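S.K.: Curious how this folds, go ahead:
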Amino acid sequence: MTKSIKNLTIAALLVGLGILIPMVMPKIVLGPASYTLGSHVPLFIAMFFSPVMAIAVALGTTLGFFISLPPVIALRAFSHIVFATIGAAYLQKNPQIVKHPVQLQIFNLVIGIIHASCEVLAVFLFAYLGNAAGTSFDRQYFLFLFGFIGLGGLIHSMIDFNIAYVVLAAIEKKVNVPVFAKERALSLAKD
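M.R.: Residues are numbered from 1 along each chain as shown. Okay, the predicted model is just below:
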């Protein structure tokens, strides 16, 4: 019972941060592309706790984007459920990755590719289904879509993942972060 209350509290705090960050942090908005430093950090932190927490934080932070940014950007936030669930499930099964920097960055890259791909798809569907008036699907649009949202989103994702990891590595001894705790248990079992 106490553990579930603690996890609910952590999830609520992460959702609160996820709503607050897009409102207060400096951002660059170029049409459906937006970059807010740290905006994915609460979600990445949740991934180190559990898939359920990652989903809850993805849904909660989507609300933050609906409050502060245009609907197409909120739809991009909603697509985070995909990479957050996959990433959290992988971390639960492979906690040893947190002590292997190269493997962790490969994981970061793969999650970033999934993240950016889902956002590209969300923006494309939003425009294609007629919600973006005046959108012409020409070469310029696809360069924008894959350049700003795809590549820009990948870089943004990877930076925010590393910020989240640094924060977690700093607090993991004070706060029981399940992925780090599993990694410690595995290391002790090997010794």
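S.K.: what sits against Y35?
M.R.: Y35 is in contact with 27-28, 152, 156, counting by C-beta atoms under 8 Å, 6 or more residues apart in numbering. C-betas here are computed from N, CA, C, even on glycine.
S.K.: what's the farthest-apart pair in these?
M.R.: Pairwise distances across those peak at 12.6 Å for K27 and G152 (criterion: C-beta to C-beta).
S.K.: neighbour count winner among those two?
M.R.: Ranked by neighbour count (other C-beta atoms under 10 Å), K27 and G152 place G152 first, with 19 against 16.
S.K.: The more buried one contacts V29, correct?
M.R.: No - the pair G152 / V29 is not scored as a contact, 11.8 Å apart, by C-beta atoms under 8 Å.
S.K.: And the helix ranked longest in the chain, what's buried?
M.R.: Secondary structure of the chain read by DSSP state H shows that its longest helix is helix 101-126. By neighbour count with 16 or more other C-beta atoms under 10 Å, helix 101-126 contains the buried residues 104-105, 107-108, 111-124, 126.
S.K.: again, but for stretch 10-28
M.R.: For stretch 10-28, using 16+ other C-beta under 10 Å, the buried residues are 10-11, 14-15, 17-19, 21-22, 27.
S.K.: Could you do stretch 47-55 as well?
M.R.: Residues 47-51, 53-55 are the ones in stretch 47-55 that count as buried (16+ other C-beta under 10 Å).
S.K.: Stretch 175-187 now?
M.R.: 177-180, 182-183.
S.K.: from the buried residues of stretch 10-28, which is closest to F146?
M.R.: Closest to F146, out of all of these and judged by C-beta to C-beta, is K27, at 20.9 Å.
S.K.: Isn't that closest one up against S34?
M.R.: Yes - between K27 and S34 there is a contact under C-beta under 8 Å: 5.8 Å.
S.K.: helices or strands up against the strand or helix carrying L13?
M.R.: Per DSSP states H and E, L13 falls inside helix 2-24. The contact analysis (3 or more C-beta pairs under 8 Å, 6 or more residues apart in numbering; DSSP states H and E) places helix 2-24 against helix 41-47, helix 51-68.
S.K.: Okay, buried residues for the longest one please.
M.R.: It stands for helix 51-68. Buried residues in helix 51-68 (16+ other C-beta under 10 Å): 51, 53-62, 64-66, 68.
S.K.: Show me what it is packed up against.
M.R.: The helices and strands touching helix 51-68, judged by 3+ C-beta pairs under 8 Å, 6+ apart, are helix 2-24, helix 41-47, helix 71-78, helix 80-93.
S.K.: CSV for those helices, including distance to F146?
M.R.: Converted to CSV, the helices and strands packed on helix 51-68 look like this (distance: least, C-beta to C-beta, whole Å):
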stretch, distance to F146
helix 2-24, 23
helix 41-47, 23
helix 71-78, 14
helix 80-93, 17
